[in-house]
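Participant: Next one to model:
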Amino acid sequence: MSKNLNIETNTLTCVYTINDAEQFEKEKARIMENFKQSKNEPWAITAISIGHEIHRLDLIEEAHAQNRHDLLNDIFGIIDPTKIDSISQLASF
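Facilitator: Numbering: from 1, shown residues only. Below is the predicted model of the structure:
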């Protein structure tokens, strides 16, 4: 991935990996406080997910590549997509 973030866009997706839940609590509180409220900042947090959505997209792409569109609802329903590495681990596979 390019480190140059000087791309004209209105959206930036950021994925946090929480290595220490206790230490992350302060940051999580800040995120929740700013969710959908800009508080005069030039930005606003407009979406939050407890799942790893980038990995979910990988699973969707894998299902699409294997023409397994029947698995998409199962992929969308996974609470924590990091619990599986591949669509072959889905119960409906």
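
Participant: So in the chain, where's the weakest helix or strand by average pLDDT?
Facilitator: Averaged element by element with mean pLDDT, DSSP states H and E, the chain has its least confident helix or strand at helix 21-34 (a mean of 89).

Participant: Now do that one: distance to the chain's middle.
Facilitator: What separates the centre of helix 21-34 from the centre of its chain is 17 Å, taken as C-alpha atoms, centre = their mean, to the nearest Å.

Participant: can you check stretch 64-83 too?
Facilitator: The chain centroid and the centroid of stretch 64-83 are separated by 14 Å under C-alpha atoms, centre = their mean.

Participant: Would you mind listing the buried residues in it?
Facilitator: Burial within stretch 64-83, assessed by neighbour count using 16 or more other C-beta atoms under 10 Å, is assigned to 68, 71, 74, 75, 78, 81. Bear in mind the C-beta positions are built from the backbone N, C-alpha and C, glycine included.

Participant: swap in stretch 83-93?
Facilitator: Using 16+ other C-beta under 10 Å as the test for burial, stretch 83-93 gives 84, 87, 90.

Participant: okay if I get those as JSON lines plus pLDDT, distance to residue 64 and secondary structure?
Facilitator: Conversion of the buried residues of stretch 83-93 to JSON lines gives the following (pLDDT from 0 to 100; distance: C-beta to C-beta, whole Å; DSSP: H, G, I helix; E, B strand; the rest coil):
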{"residue": "84", "pLDDT": "93", "distance to residue 64": "16", "secondary structure": "coil"}
{"residue": "87", "pLDDT": "96", "distance to residue 64": "10", "secondary structure": "helix"}
{"residue": "90", "pLDDT": "93", "distance to residue 64": "14", "secondary structure": "coil"}
